[in-house]
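Chemist: Pasting the sequence and the predicted model now:
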Amino acid sequence: MCPMCLVPIDELHDLTRTYPLRSMDQAQDALSVYNYSRAEGEERLKALGLWPIENVFWRIRDSDPHAALSFDRLLASHDGAGGRHALQDVKKILSMLGREAEAKVEAYISNFPRWRGLSHFKNALNVTFSDGNKKRDLAKQIFYACLNVLTKNRMPEGYCLLHILASYLELDSLIGLDVHTERTIEMIEAELLRFSGALKGYVECVEKSGLDGLRTDWNFPKAHLWKHVVCDIRTKGAMQNYSTRPNESMHGPLKEAYECWSNGRDVASQLLRVDKHQLAAKLLRMHSDGGLDPEETDGDDSGVFKGHAYLGSPCKLTTVQNIEIDCSRTDNAFVEFRKKLSNFCNKSLASHGYQVQKWIVIPPGLEIREYKYFKVDYESPVDWKINTNHLRCSPMFHGAPRYDCAVVQLTEEDVAFVRLICIFSCEIPDVCSIDLAFIQPFTAKMGASRRIDRDLRLTCIKAVLRSASTFIPVQSIICGAVLVPDPSHNSEFFVVTHLDGDMYLRTKVS
């Protein structure tokens, strides 16, 4: 039963139809009839799905408990049809395909690029998560991990399920925006119809194949509550105004404190004492670290600000020749590094606003200083506030290499995706001191788009050869990005468009 409208139970899965909203007056009238005539009242209450009990919230003047109910993104989305039930069917289908398919998906998720605020999973398929935030992040990652496993020819049911996940991720990105316009609301309404169609297609495919264990009954409230998203946004504002997310991650520490540091009686005062001790420990740690966030500074506060960018974690001074000799042995990008830098300075530096009066010669002993950490501030396309991305360009960060990707401004109108190879500062002879990023560009994939790209609305790009890497001023970097490889096609990558609202609007709306 939907607590917000009078949709029949067997129609909860259908988001294309609209039913009358519930109201407090309906329930009060039905209860009044019941008190006068039990038989007639039972019929009315049964039609409303109610018991003959007075609701305590009716006592609040000028209120309506049905109108007060709101769509909760955490519970209805991440712990609902998409983040819970769809993921359960994904795991069941992978189990049917065998251990090889499961191993491919596990390896892909384990190697998923790290990103600030995005959970990382080493064992995703054999673990059941109770935290809705984990389910949200797992849905984003398992979608890309299954693209080359749940193919249309090999597993039609899995391919239909990917349609559901694709539509779910679109909806989740849209409703999670902190600022809405008429255009985004129209996009939500259109996507709801797609989601309903994808759900219908999946149920028909499963019923036709007869596979056991897969869900065919989607008539439950969380699958239907999407229907009321637009109404909630119009009447109550963005989802952040009525979300239960802020308290979600607190369950774990409270449970651990209850089980390990309490006697099970009079627990409130005991839990408060544990929480006080944990806060004190955090404050001590923060002061011992000098008040710095190790994720932001990598333990080094000797970086420099350059406009909207911050270069941190500096390395020792070295020379262009040393970098070329040391790095070109294992990476083709650094072959003829000095020549590439010279070509950039003479052919492109002027276009970036620098005064170049004569031909620039880069000496082998030109000193440069590398930086392993890069922080960039940018204006969010969602709410026009200043947001920050933290990027890494390090051969070893927490035990693994990490070279993040970014969106850069090529011209006044064109932007592109790149992978950071090296970030450094140097003194260009007879010009100025400059901060540059050595990058591997990505280009739009040439040729006709594949069916899977069209069906699942994927943004696919292709990396240029490492030997064709080039330079850009760090001021050209707009924001960070996450790109994941396409295992079926060498040097091709998918843009994780559902990383956050900013990336979604940049790739889907702009």
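Modeler: Nice, thanks for sending it over.

Chemist: make it CA atoms for all contacts and neighbour counts henceforth
Modeler: Fine.

Chemist: Ends of stretch 243-263, what's the gap?
Modeler: One end of stretch 243-263 sits 33 Å from the other (C-alpha to C-alpha, to the nearest Å).

Chemist: And stretch 375-383, by the same measure?
Modeler: End-to-end for stretch 375-383, by C-alpha to C-alpha: 20 Å.

Chemist: Enumerate the positions of that stretch that are buried.
Modeler: For stretch 375-383, burial by neighbour count (16 or more other C-alpha atoms under 10 Å) applies to 375, 376, 377, 378, 380, 381, 382.

Chemist: Find the least confident helix or strand in the chain, judged by mean pLDDT.
Modeler: helix 294-297 (a mean of 46; mean pLDDT, DSSP states H and E).

Chemist: which residues of the stretch 1-150 of the chain score low on pLDDT?
Modeler: Nowhere does the stretch 1-150 of the chain drop to pLDDT under 70.

Chemist: where along it do the helices fall?
Modeler: 24-36, 38-48, 65-68, 87-97, 99-110, 132-145 (DSSP state H, counting those that start in this stretch).

Chemist: Repeat that for the stretch 251-400 of the chain.
Modeler: 251-260, 267-288, 294-297, 320-327, 337-347.

Chemist: any chance of the ones you listed in CSV, with mean neighbour count and distance to residue 181 too?
Modeler: Formatted as CSV, the helices of the stretch 251-400 of the chain follow (neighbours: other C-alpha atoms under 10 Å; distance: least, C-alpha to C-alpha, whole Å):
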stretch, mean neighbour count, distance to residue 181
helix 251-260, 13, 34
helix 267-288, 13, 40
helix 294-297, 16, 33
helix 320-327, 15, 49
helix 337-347, 18, 42
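
Chemist: nearest to residue 21, of these?
Modeler: helix 251-260 (33.9 Å; C-alpha to C-alpha).

Chemist: Quick one: mean pLDDT for that closest one?
Modeler: Per-residue pLDDT over helix 251-260 has a mean of 75.

Chemist: Over to stretch 345-355?
Modeler: 82.

Chemist: Which residues outside that stretch are in contact with it?
Modeler: The contact list for stretch 345-355, computed with C-alpha atoms under 8 Å, 6 or more residues apart in numbering, reads 356, 359, 360, 431, 473.

Chemist: can you give me the strands in this protein?
Modeler: Listed in chain order, the strands of the chain (DSSP state E) span residues 304-306, 309-314, 318-319, 367-379, 386-397, 400-403, 405-409, 415-428, 432-444, 460-463, 470-473, 477-481, 483-485, 492-495.

Chemist: Among those, which comes closest to residue 272?
Modeler: With C-alpha to C-alpha as the yardstick, what comes closest out of the strands of the chain is strand 386-397 (33.7 Å).

Chemist: and the closest one, which strands flank it?
Modeler: strand 367-379 (antiparallel), strand 400-403 (antiparallel) (DSSP bridges).

Chemist: so who does the spatially most central residue of the chain touch?
Modeler: Among the residues of the chain, the one closest to the centroid is residue 499, at 2.7 Å (C-alpha atoms, centre = their mean). Residue 499 makes contact with 140, 482, according to C-alpha under 8 Å, 6+ apart.

Chemist: now swap in residue 494 and tell me
Modeler: 458, 459, 460, 461, 483, 484, 485, 486.

Chemist: between those, which is nearest residue 63?
Modeler: Nearest member of the contacts of residue 494 to residue 63, counting by C-alpha to C-alpha, is residue 458, at 44.8 Å.

Chemist: how many other residues sit next to that closest one?
Modeler: 18 (other C-alpha atoms under 10 Å).

Chemist: Buried residues, the longest helix along the chain. List them.
Modeler: Identified as the longest helix of the chain according to DSSP state H is helix 182-209. Across helix 182-209, burial judged by 16+ other C-alpha under 10 Å covers 184-185, 187-189, 191-203, 205-206.

Chemist: same thing with stretch 219-232?
Modeler: Buried positions in stretch 219-232, judged by neighbour count with 16+ other C-alpha under 10 Å: 219-230, 232.

Chemist: export those residues to JSON lines and tack on distance to residue 100 and pLDDT?
Modeler: Formatted as JSON lines, the buried residues of stretch 219-232 follow (distance: C-alpha to C-alpha, whole Å; pLDDT from 0 to 100):
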{"residue": "219", "distance to residue 100": "33", "pLDDT": "91"}
{"residue": "220", "distance to residue 100": "33", "pLDDT": "89"}
{"residue": "221", "distance to residue 100": "36", "pLDDT": "89"}
{"residue": "222", "distance to residue 100": "33", "pLDDT": "89"}
{"residue": "223", "distance to residue 100": "32", "pLDDT": "89"}
{"residue": "224", "distance to residue 100": "35", "pLDDT": "91"}
{"residue": "225", "distance to residue 100": "37", "pLDDT": "91"}
{"residue": "226", "distance to residue 100": "36", "pLDDT": "92"}
{"residue": "227", "distance to residue 100": "39", "pLDDT": "93"}
{"residue": "228", "distance to residue 100": "41", "pLDDT": "93"}
{"residue": "229", "distance to residue 100": "39", "pLDDT": "94"}
{"residue": "230", "distance to residue 100": "42", "pLDDT": "94"}
{"residue": "232", "distance to residue 100": "44", "pLDDT": "93"}
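
Chemist: And those residues, which is closest to residue 13?
Modeler: Nearest member of the buried residues of stretch 219-232 to residue 13, counting by C-alpha to C-alpha, is residue 219, at 5.0 Å.

Chemist: Can you tell me how far the closest one is from residue 225?
Modeler: Distance from residue 219 to residue 225, by C-alpha to C-alpha: 11 Å.

Chemist: and what of residue 143?
Modeler: 23 Å.

Chemist: So for residue 358, what's the pLDDT?
Modeler: Note for residue 358: predicted pLDDT of 85.

Chemist: Could you tell me how many residues sit around residue 456?
Modeler: 17.

Chemist: Now do it against residue 25, distance only.
Modeler: From residue 456 to residue 25 the distance is 44 Å (C-alpha to C-alpha).

Chemist: Next: residue 487.
Modeler: Taken as C-alpha to C-alpha, the span from residue 487 to residue 25 is 58 Å.

Chemist: Same question for residue 19.
Modeler: Residue 19 is 17 Å from residue 25, where distance means C-alpha to C-alpha.
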